[in-house]
Every structure is written in structure tokens, then in C-alpha cells.
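Asker: After the sequence you'll find the predicted model.
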Amino acid sequence: MVKSPRESLHRIFRHNPELFAHTLSRLFGVEVAEPTSIEVLNSDCTELEPLERSVDSPVMVHAPDGDYVVAFEAQLEPDKDKRRRWPYYVSYLHDKYACPVILVVICQKASTAEWARTPILVGMEQRPTLMVWPIVVGPDNVPVPTSAEEAAQDVPFTVLAALTHGHDKDIGGILRMLAEALSTVDIDTAGFFAEIGLGDTDARKTWRDLMSAQTYPYQRTLLQEEREKGIEQGIEQGREEGREEMAAESVLSLLRGRGVTVSAVQEERIRSCGDLTVLRDWLLRAATATSTAQVLND
């Protein structure tokens with residue numbers, strides 16, 4: 001399922017255990033042991049009182065020199081409430097798992113990243129009882145690849161660059177390099193990364209256009225949701241305005257939206273089809289076919 005932009009910002013680290021170590025090294029010059037594995041923890045920090053507190057993505061990192069917890073938080077905009085909750089998250093996880101806790105905040109805007117970097121002091125300013133200093137990853141410190149070859153050398157980091165630079169004017173170039181880089185990894189991994197959540201932005205439209213303009217081996221996963229959604233919409237609208245007519249229109253719209261040529265003869269054949277089962281099959285094929293002949297099985 002296509003993920004929301006906020007979910008993508010923190011879940012990418014859960015999917016790739018090595019990305020956290022690479023990010024610390026590349027952005028902050030901090031070297032940590034390469035994780036041997038990670039364990040996704042329960043994100044619920046709720047106590048007995050009816051007040052929910054949940055970390056976005058807490059993970060237990062198992063490394064040769066000792067275990068530690070990383071709490072990944074996605075932050076789209078400044079939020080004063082988070083400056084009270086982050087120290088709680090850190091304290092709670094430290095107490096529960098009895099090991100070091102690292103707070104990592106991932107942002108899509110430079111202004112939000114700058115806000116998040118301010119240390120949080122609990123107690124007297126002159127002598128704080130607790131200080132929480134988040135490690136912040138954002139568009140102002142995540143470099144973008146300069147070529148498809150460079151993007152392919154570290155695909156997870158390229159995905160992170162695309163996520164954090166989602167509001168950049170040159171996001172199209174980053175996404176084109178990412179699209180090429182995804183062809184160098186296995187299809188399941190590429191399918192996971194291809195579903196990056198870019199929100200309601202120009203970046204999202206650019207990514208969809210890229211996926212529609214060319215045939216990539218990992219598109220099948222990416223388009224699964226659109227196929228299911230298209231079928232459901234076609235059936236529901238068909239009940240109201242003529243099921244066959246709307247299903248035929250869905251097939252034609254999907255083909256043309258992906259840049260597939262439809263001749264006048266082929267259009268007439270699709271529109272004149274009165275078999276809803278056949279139209280459903282055509283709609284499924286239209287999501288991945290490179291020609292209308294493939295859809296019609298000519």
C-alpha cells in the first residue's frame with residue numbers, strides 16, 4: 001500500500017537496518033558499528049492513564065558493541081507539543097529497555113529541521129535536569145545524488161534524499177535518478193521503495209508520471225493499489241451510470257494516462273464491449289501493458 005509522506009520518513013529506517021549507520025556517518029561523521037539486526041519495538045508509550053503517547057518507529061538495534069534503541073520521529077511541521085513529548089519518549093524507552101536511546105527526527109522542510117535541532121532542556125536553564133538533543137535529518141543536510149550511478153551505489157540513502165527533498169524545485173531530477181537506481185535492486189525491495197509517500201505535492205505527480213511513462217520491473221507492486229482502486233471505482237460508478245460504459249471509460253483513461261496509444265478501432269471495441277467480466281480483465285491488463293493490443297489480447 002502506498003504510504004503517507006510522514007510514514008515513509010520513519011519507516012524507511014525500519015526496512016533498512018544499515019541506513020541509520022550510513023546516515024550518521026555521511027551526515028554527522030559519527031561512526032557506529034554496522035547493525036547485525038534490528039527488532040521493531042512496540043510504538044505505544046501509553047501508561048495507565050488514558051493519554052496516548054506513541055513513538056513513530058522505535059527499533060532495537062543489535063550491534064557487536066552493544067544494543068541500543070533508536071526512536072525515529074517524522075516531523076512535517078513545528079509542533080510545540082512534541083518538545084514536551086520527546087523527552088518522555090527517550091526517558092520511557094531508556095527505563096523500559098535499560099540501554100542507550102537515540103532520538104532521530106526526519107523532516108521535509110529546512111525550517112522544521114532547524115526548529116527540531118534546538119536542544120530541549122527540562123529543569124533550570126542554568127542547570128537542566130534533562131537535556132534532549134535530537135539528531136535531525138532534513139533537506140539542509142541530506143545531499144542529493146549527482147548521477148544515476150551515484151544513486152545506485154546507495155539506494156536506501158537515495159530514497160531518503162527523495163523523501164527529505166520532496167519540496168525542492170529540482171525534485172524531478174532526484175526522482176529520475178531514483179527511478180533508474182531502483183532497477184539495480186531486487187524487485188521486492190524496489191517495489192517497497194517505489195511506494196514512497198510524497199504527499200499532495202508536485203513531487204508526487206512527477207513520480208507518478210515517471211512510473212507511467214516507462215516500464216520498470218517493479219511497477220507491478222506500485223500499481224497494485226491503483227488497479228484495485230480503479231476496479232472498485234469503475235464498479236461503483238457503473239452501478240449508477242451504466243456499469244459497462246464506466247468500466248470501458250476506466251480502461252481508456254488508464255491507457256491514455258500511461259501514454260499508451262489507442263486507435264479509433266480499438267476505442268470502439270472497448271466502448272462497445274458489454275461484458276463486465278471482460279472489461280475488468282482489460283482494466284487489470286491496462287495497468288501494466290505497453291500496448292492496447294496486449295490489453296485486448298490481439
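Answerer: Structure's in. What do you need?

Asker: Can you give me the buried ones in the helix or strand that contains residue 89?
Answerer: Following DSSP states H and E, the helix or strand that holds residue 89 is helix 82-97. Residues 82-83, 85-87, 89-90, 92-93 are the ones in helix 82-97 that count as buried (16 or more other CB atoms under 10 Å). (Glycine included, C-beta is placed from N, CA and C.)

Asker: on contacts alone, who are the packing partners of that helix?
Answerer: strand 57-62, strand 68-75, strand 101-107, strand 120-123, strand 128-132 (3 or more CB pairs under 8 Å, 6 or more residues apart in numbering; DSSP states H and E).

Asker: Need these in JSON lines (columns: distance to residue 24, mean pLDDT and mean neighbour count).
Answerer: Output for those, formatted as JSON lines (distance: least, CB to CB, whole Å; pLDDT from 0 to 100; neighbours: other CB atoms under 10 Å):
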{"stretch": "strand 57-62", "distance to residue 24": "11", "mean pLDDT": "92", "mean neighbour count": "21"}
{"stretch": "strand 68-75", "distance to residue 24": "10", "mean pLDDT": "93", "mean neighbour count": "23"}
{"stretch": "strand 101-107", "distance to residue 24": "9", "mean pLDDT": "94", "mean neighbour count": "23"}
{"stretch": "strand 120-123", "distance to residue 24": "20", "mean pLDDT": "91", "mean neighbour count": "15"}
{"stretch": "strand 128-132", "distance to residue 24": "17", "mean pLDDT": "91", "mean neighbour count": "12"}
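
Asker: closest one to residue 37 among those strands?
Answerer: Nearest to residue 37, of all the helices and strands packed on helix 82-97, is strand 57-62, at 5.0 Å by CB to CB.

Asker: the inter-axis angle of that closest one versus helix 82-97?
Answerer: If you take axes from the mean of the first three to the mean of the last three CA atoms, to 10 degrees, strand 57-62 sits at 40 degrees to helix 82-97.

Asker: Need the residues that contact strand 57-62.
Answerer: 10-11, 13-14, 17, 20, 35-43, 67-73, 89, 93, 97 (CB atoms under 8 Å, 6 or more residues apart in numbering).

Asker: what does stretch 95-103 give?
Answerer: By CB under 8 Å, 6+ apart, the list of residues contacting stretch 95-103 reads 41, 60, 66-71, 73, 86, 89-90, 93-94, 132, 134-135.

Asker: wait, what's in contact with residue 94?
Answerer: 69, 100-101.

Asker: From those residues, pick the one nearest residue 256.
Answerer: Scanning the contacts of residue 94 for proximity to residue 256, where the rule is CB to CB, the winner is residue 69, at 49.8 Å.

Asker: Distance-wise, check the closest one relative to residue 164.
Answerer: Taking CB to CB, to the nearest Å as the measure, residue 69 falls 23 Å from residue 164.

Asker: Next: residue 21.
Answerer: Per CB to CB, residue 21 is found 18 Å from residue 164.

Asker: same check, this time on residue 186
Answerer: 24 Å.

Asker: So between those two, which is more surrounded?
Answerer: residue 164 (24 against 10; other CB atoms under 10 Å).

Asker: who's in contact with that one?
Answerer: 9, 106-108, 137-139, 142.

Asker: For PyMOL, write the selection for the buried entries among those residues.
Answerer: Only the buried entries of the contacts of residue 164 go into this PyMOL selection, using 16+ other CB under 10 Å:
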select buried, resi 9+106+107+108+137+138+139+142
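
Asker: quick one on the thing from earlier: okay if I get the contacts of residue 94 as TSV plus distance to residue 257?
Answerer: Formatted as TSV, the contacts of residue 94 follow (distance: CB to CB, whole Å):
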residue	distance to residue 257
69	44
100	50
101	47
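
Asker: Among the residues you listed, which one sits closest to residue 265?
Answerer: Taking the contacts of residue 94 together and measuring to residue 265 by CB to CB, the closest member is residue 69, at 62.7 Å.

Asker: who touches that closest one in this structure?
Answerer: Contact partners of residue 69, counting by CB under 8 Å, 6+ apart, are 41, 58-61, 93-94, 97, 99-102.

Asker: that older thread, can you tell me which of the contacts of residue 94 is closest to residue 255?
Answerer: Distances from residue 255 to those, taken by CB to CB, are shortest for residue 69, at 49.0 Å.

Asker: partner residues bridging that closest one?
Answerer: residue 60, residue 101 (DSSP bridges).

Asker: Relative to residue 38, how far out is it?
Answerer: On the measure of CB to CB, residue 69 and residue 38 end up 10 Å apart.

Asker: who's in contact with the residue positioned nearest the centre of the chain?
Answerer: The centre of the chain sits closest to residue 196, judged by CA atoms, centre = their mean, with a distance of 2.7 Å. For residue 196, the contact set (CB under 8 Å, 6+ apart) comprises 3, 8, 159, 162-163, 207.

Asker: Thanks a lot, see you next time.
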